[in-house]
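*Asks:* heads up, no residue letters with this:
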């Protein structure tokens, strides 16, 4: 039988092989602490079918970008079992499990049109049965792609036990303007007006608001902006000082940030719900303390400090007590460390550290304090965690321009996020619920 | 008799006052002299006014030059080593001159802006450049300048002086700039 299919569908077999090679290719220069074993990832095929072309394309790409599957691509032909004899049967016919099994698929994803939406089905190819199915309404509005991404995340959860991170967005800065894009790089939209210098965008945990630094004449205020109606308020003033590197607490009520004046730079927190109660957490005495990032339980803050000379990564309680080194370094030998972000599972903090004059992406695991280097080709900086806790987006100049790249820390696979040049300071959201995002006029 | 002697007296006085030993062009003689003979009478007044004007202009020019030199002393940038915010020994003389000028011009206020090169973290560079501006302020305060006259701001790496990406550009971009924000007219040169 196998031989029969091979003869009958040589092109599908070839396509599957090519796809497998593509997904196993590890980007040059990326070192990871986990061996990449391509065989471990189950094969998955998104079944061809009539209609739903854009939905199918988005889901297929999302499942690929989840890095949990060997994607098997097939051309448009055999969506139904040839043994049924019909030949012209639509995709609703029985799935040809034997065929997809022969192509190496463990899972087959079937997407069919339903009233006002789409029905997603996950088939277990080896067992020859349906594992899950769900019908999801799809709008035609601005949330359409996000809704499709959520379908893909759910399929990923059915197949792997863990939800994907497709229904999320990234903020980043290009030429002073904050933009957002879907996790697959599409739907690029400016969120701050042109003609300003904005830096360091950060998401609120619910994805409804962002905070960023707005630079004036050598001053900087922290602006909190609603993504649903574009309303802004100045969380920290810009007239007399420089306020930078905002970060929301996990409950969204507190904003941590760094305040610079002639005594140095120190970390403060303020209540952004009641707009009060600024509290100073560090006392630098002409040193810098900046780039706070909350642990997911909100009880600790990792941050950068120059207290020992070059900037390095420290951690403290959220009230400023118990300050200690987080990522070990050799004084005089280890390069500067910057731009930390705590992972959603709390286990590790990602940051960048200078190696031979170029920043590279590093992880430190919070309990063991072990440091692991993730990149080594070109300049790689300003990492941000995907909500799935296994992907990290960062800025790299490996293409010759500063653009956003994404590394899967489980496999080392690296891909580029479509984005404009001169991208800086990316920030990846949590998984996004239903929300309408209005672009800035 | 009275009339000629008066005339001669006036003429003599005129000559003496104007040209000293020059021959008298205005004889009381009846023969008409050529019309194109220059009028010496206005000369003495014109000449002294010119010289005064020139002197005033020279002094104004010199004052402007001194003022420009003083302004240049105030505006002179200082530079920093990579990832450092310590005033370098070579730049101490530059800051010392500013301190002297600021002492001689007590109404002058300065804005010190710190800058970083494009290497290093974008966010950290804002803090680093802030520390560079603050370092210059502290240095001037230690030289007796009232800190209330010195404003400190930071541009991080956002405003490079040299857009290049080589060591020369980096070195030029790691700097403090000094801008007079008030009291910058009629600067007094220090004694």
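*Replies:* In hand now; what should we look at? Source: prediction; values computed, not measured. Numbering: from 1, shown residues only, chains lettered A, B, ... in the order given.
*Asks:* for the residue of chain B at minimum distance from chain A, grab phi and psi.
*Replies:* For chain B and chain A, the shortest gap (CB to the nearest CB) falls at residue B:153, measuring 2.7 Å. C-betas here are computed from N, CA, C, even on glycine. Main-chain dihedrals, residue B:153, degrees, to the nearest 10: phi -140, psi 170.
*Asks:* state the number of residues packed around the residue nearest to it when sequence neighbours are not counted.
*Replies:* Nearest residue to residue B:153 in three dimensions, chain neighbours excluded: residue A:218, at 2.7 Å (CB to CB, 6 or more residues apart in numbering or on different chains). Residue A:218 has 26 neighbours, counted by other CB atoms under 10 Å in any protein chain shown.
*Asks:* what do you get for residue A:141?
*Replies:* Residues lying near residue A:141 (other CB under 10 Å) number 9.
*Asks:* with residue B:59 instead?
*Replies:* Counted with other CB under 10 Å, residues neighbouring residue B:59 total 10.
*Asks:* A helix includes it, no?
*Replies:* Yes - assessed with DSSP: H, G, I helix; E, B strand; the rest coil, residue B:59 lies in a helix.
*Asks:* picking that back up, go ahead and confirm the residue nearest to residue B:153 touches residue B:156.
*Replies:* No - look at residue A:218 against residue B:156 with CB atoms under 8 Å: they stay out of range, at 9.3 Å.
*Asks:* surely residue A:202 is in contact with residue A:222?
*Replies:* No - here residue A:202 lies out of contact with residue A:222, judged by CB under 8 Å, at a distance of 9.4 Å.
*Asks:* okay, and the common contacts of these two?
*Replies:* A:211-212, A:246 (CB atoms under 8 Å, 6 or more residues apart in numbering or on different chains).
*Asks:* near chain B, from those?
*Replies:* Filtering these for proximity to chain B by CB under 8 Å from any CB of the partner chain leaves nothing.
*Asks:* and of those, the nearest to chain B?
*Replies:* Closest approach to chain B among these (CB to the nearest CB): residue A:246, at 10.5 Å.
*Asks:* grab the nearest non-local neighbour of the closest one.
*Replies:* residue A:211 (4.0 Å).
*Asks:* just give me the neighbour total for that neighbour.
*Replies:* Residue A:211: 25 neighbours (other CB under 10 Å).
*Asks:* which strands or helices does the helix or strand encompassing it pack on?
*Replies:* Element membership of residue A:211, judged by DSSP states H and E, is strand A:209-215. Where contact means 3 or more CB pairs under 8 Å, 6 or more residues apart in numbering or on different chains; DSSP states H and E, strand A:209-215 is packed against strand A:197-203, strand A:220-226, strand A:242-248.
*Asks:* most tightly packed of the ones you listed?
*Replies:* strand A:242-248 (a mean of 27; mean count of other CB atoms under 10 Å in any protein chain shown).
*Asks:* how about the strands in chain B?
*Replies:* B:78-79, B:109-115, B:150-154, B:175-182 (DSSP state E).
*Asks:* out of the ones you listed, which comes closest to residue A:145?
*Replies:* Among these, strand B:150-154 comes nearest to residue A:145, with 39.2 Å by CB to CB.
*Asks:* ok, whatever residue of the stretch 251-400 of chain A ends up closest to chain B - contacts?
*Replies:* Nearest residue of the stretch 251-400 of chain A to chain B (CB to the nearest CB) works out as residue A:338 at 3.6 Å. The neighbours of residue A:338, taking CB under 8 Å, 6+ apart as the test, are A:291, A:304, A:311, A:351-353, A:359, A:381, B:120-121, B:123-124.
*Asks:* format those as JSON lines; extra columns: distance to residue B:76, neighbour count and pLDDT.
*Replies:* Putting the contacts of residue A:338 into JSON lines (distance: CB to CB, whole Å; neighbours: other CB atoms under 10 Å in any protein chain shown; pLDDT from 0 to 100) gives the following:
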{"residue": "A:291", "distance to residue B:76": "33", "neighbour count": "32", "pLDDT": "98"}
{"residue": "A:304", "distance to residue B:76": "32", "neighbour count": "28", "pLDDT": "98"}
{"residue": "A:311", "distance to residue B:76": "29", "neighbour count": "31", "pLDDT": "95"}
{"residue": "A:351", "distance to residue B:76": "38", "neighbour count": "30", "pLDDT": "98"}
{"residue": "A:352", "distance to residue B:76": "35", "neighbour count": "26", "pLDDT": "97"}
{"residue": "A:353", "distance to residue B:76": "36", "neighbour count": "25", "pLDDT": "97"}
{"residue": "A:359", "distance to residue B:76": "33", "neighbour count": "28", "pLDDT": "95"}
{"residue": "A:381", "distance to residue B:76": "33", "neighbour count": "26", "pLDDT": "96"}
{"residue": "B:120", "distance to residue B:76": "25", "neighbour count": "22", "pLDDT": "83"}
{"residue": "B:121", "distance to residue B:76": "29", "neighbour count": "28", "pLDDT": "90"}
{"residue": "B:123", "distance to residue B:76": "29", "neighbour count": "25", "pLDDT": "94"}
{"residue": "B:124", "distance to residue B:76": "27", "neighbour count": "28", "pLDDT": "96"}
